[in-house]
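Peer 1: Can you look at this prediction? I've put the sequence above it.
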Amino acid sequence: MNNAVYPVVISPDDDWYIVRVPDLDRETQGKDIAEAIMMARDLIGLIGITYEDKGKPVPKPSTKEPAHDSGEMVAWVDVDFKRYRLMHDQKSVRMNISIPRYLKALGEETAMKEYDVLFLWDDESQTWVAQNDEIPFCIGSETLEKLMERVKGVAPETLEINGKEYKNIRLNFIIKGVKPAEVVEAVA
């Protein structure tokens, strides 16, 4: 079954609308009627493709209005199971695309630059040292936590001084020569 229309019963409940799908014996909710119907469509689609994946037949929708109380509403929710499956397929597809030159340039201008910062423990001086040759800088501190904070300030400043992009950067911290207890404290 590719397409189906299921009856649902919508009940107001304080700030929410509860949606019951009698043919599937399931419920969901939404903040307003439109969201409640959207959530019902999602619920029906998910249950339908789950049944299909298990080799079971999808329960057929009723053609009659379901029983409901006077304060409740009945709505009919359409679902395209084939489309639902495609929309939730997370498989990657490789493809070539062409884009306008200005979009490529814009992407390159705003691309995030990553820098690996090496943190080393120097036994002789009993100091943590951070360095990066690309930025370039080499600074030290008594604790790893203090050094990490200093690097977050020094790296952008050094890039700016050297006329490089400094606003859209990511610093990857690589720690070697570790004092385990201090690393756990600094990262936590």
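Peer 2: Received, thanks.
Peer 1: The protein: strands as residue ranges?
Peer 2: With strands called from DSSP state E, the chain shows them at 3-13, 16-21, 26-30, 73-80, 113-122, 127-132, 137-141, 169-176.
Peer 1: Can you lay out those strands as a markdown table showing distance to residue 107 and mean neighbour count?
Peer 2: Every residue, glycine included, has its C-beta placed from N, CA and C. Below are the strands of the chain laid out as a markdown table (distance: least, CB to CB, whole Å; neighbours: other CB atoms under 10 Å):
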| stretch | distance to residue 107 | mean neighbour count |
| --- | --- | --- |
| strand 3-13 | 39 | 17 |
| strand 16-21 | 41 | 20 |
| strand 26-30 | 37 | 17 |
| strand 73-80 | 34 | 16 |
| strand 113-122 | 13 | 15 |
| strand 127-132 | 25 | 19 |
| strand 137-141 | 28 | 16 |
| strand 169-176 | 16 | 13 |
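Peer 1: Let's have the ones you listed in TSV, adding distance to residue 160.
Peer 2: Formatted as TSV, those follow (distance: least, CB to CB, whole Å):
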stretch	distance to residue 160
strand 3-13	55
strand 16-21	50
strand 26-30	48
strand 73-80	53
strand 113-122	13
strand 127-132	15
strand 137-141	12
strand 169-176	11
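Peer 1: Any chance you could list what contacts stretch 20-34?
Peer 2: Contacts of stretch 20-34 with the rest of the structure, by CB atoms under 8 Å, 6 or more residues apart in numbering, involve 6-11, 13, 15-19, 36-40, 42-44, 47, 59-62, 66, 73, 75, 77.
Peer 1: Among the strands of the chain, which comes closest to residue 102?
Peer 2: Residue 102 lies closest, by CB to CB, to one member of these: strand 113-122, at 20.8 Å.
Peer 1: Tell me which residue lies nearest the centroid of the protein.
Peer 2: Nearest to the mean C-alpha position of the chain, counting by CA atoms, centre = their mean, stands residue 90 at 13.3 Å.
Peer 1: pretty sure residue 48 is touching residue 83, no?
Peer 2: No: with contact defined as CB atoms under 8 Å, residue 48 does not reach residue 83; the gap is 11.2 Å.
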